[in-house]
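Colleague: Quick check, what structure comes out for this input:
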Amino acid sequence: MLGSLNMGWRHVLFANWPVDPDVVQARLPDALEVDTHDGRAWLSVVPFTNVDVRPKRAPSGVGLPLPELNLRTYVTYEGRPGVYFFSLDAQGVLAVLGARAFHHLPYYYARIALEVVGYRVRFESRRRHPGARPLRFDSTYGPTGDRYHADAGSLEFFLTARDRYYTESPSGELRYAVVEHEPWPLYDATAEIEPDEVFRANGFATPESEPRYLYSPGVETVASESKRLEP
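Modeller: Numbering: from 1, shown residues only. Here you go, the predicted model:
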């Protein structure tokens, strides 16, 4: 089993849309409950890059860069909040295969370009995974205003302060991993974004609601190995 991983997450956009909780609940494993804030579920498109993915015991700087795009929502399992991923697109073939095999995450191989110019990030992703639905994504985003940390109970805290993710193995077994990092340094953000294919590739209609954009320069992260949830 692939063990714990160190990762440096950078240039993170949280592009968040409020949606009907029933729409999300219908797509979750039976054991998971959709989590809501002020009565609304959320779907989040999250482009970013990993700058140093490596085993926990490996020294800093020897890891792989790994740009990534994911679609996620917010859930609870027996009252414990977490994240559930509908898809994750990433550029590294070996990383995609390893994440699928050992962490039971729905990764797809993609060609991704990320360019930072001043305070703006240009992110382009094209899915190339054999047999998968096509997914093309383009965005330019960046921070605005002052840096802050989210207050407990706020929407920003709900969308970012999660210390585990849940997954379902091909056999239907529910699993989880613990994710440790410092509180996200956040900015409000502006973004030009074309998310339609991200939603369509995952069987969702593009939400008609207004998105809430957040930006983070990043955090250092440790993710545990995948663990089976005891019934």
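Colleague: P211 - how many residues pack around it?
Modeller: Using other C-beta atoms under 10 Å, P211 has 19 neighbouring residues. To be clear about C-beta, it is placed using only N, CA and C from the backbone, and glycine gets the same treatment.
Colleague: The spatially most central residue of the chain and Y109, how far apart?
Modeller: Note on the chain: the residue nearest the mean C-alpha position is N70, at 4.6 Å, using C-alpha atoms, centre = their mean. To Y109, N70 is 14 Å away according to C-beta to C-beta, to the nearest Å.
Colleague: which residues do the two both contact?
Modeller: Common neighbours of N70 and Y109 (criterion: C-beta atoms under 8 Å, 6 or more residues apart in numbering): D89.
Colleague: quick one: contacts of the one helix or strand V179 maps to?
Modeller: Secondary structure from DSSP states H and E places V179 in strand 174-180. By C-beta under 8 Å, 6+ apart, the residues outside strand 174-180 that reach it are 29, 31-32, 77, 82, 103-104, 162-169, 221-229.
Colleague: among these, which ones are buried?
Modeller: By neighbour count, with 16 or more other C-beta atoms under 10 Å, these hold 32, 77, 82, 103-104, 162, 164-168, 221, 223-224, 226 as buried.
Colleague: quick one: which of the residues you listed is nearest W42?
Modeller: R162 (11.6 Å; C-beta to C-beta).
Colleague: So the closest one is in contact with F85, correct?
Modeller: No - assessed by C-beta atoms under 8 Å, R162 is found out of contact with F85, at 11.4 Å.
Colleague: where are the low-confidence patches of the chain?
Modeller: Scanning the chain for pLDDT under 70 picks out the ranges 1-3, 53-64, 93-103, 231.
Colleague: mind listing the helices for it?
Modeller: Remark: helices assigned in the chain by DSSP state H are 21-25, 93-103, 155-160, 196-201.
Colleague: how many neighbours does the residue lying closest to S139 once chain neighbours are set aside have?
Modeller: Nearest non-adjacent residue to S139, counting by C-beta to C-beta, 6 or more residues apart in numbering: I193, 4.3 Å away. Neighbourhood size, I193 [other C-beta under 10 Å]: 19.
Colleague: now do R212
Modeller: R212: 17 neighbours (other C-beta under 10 Å).
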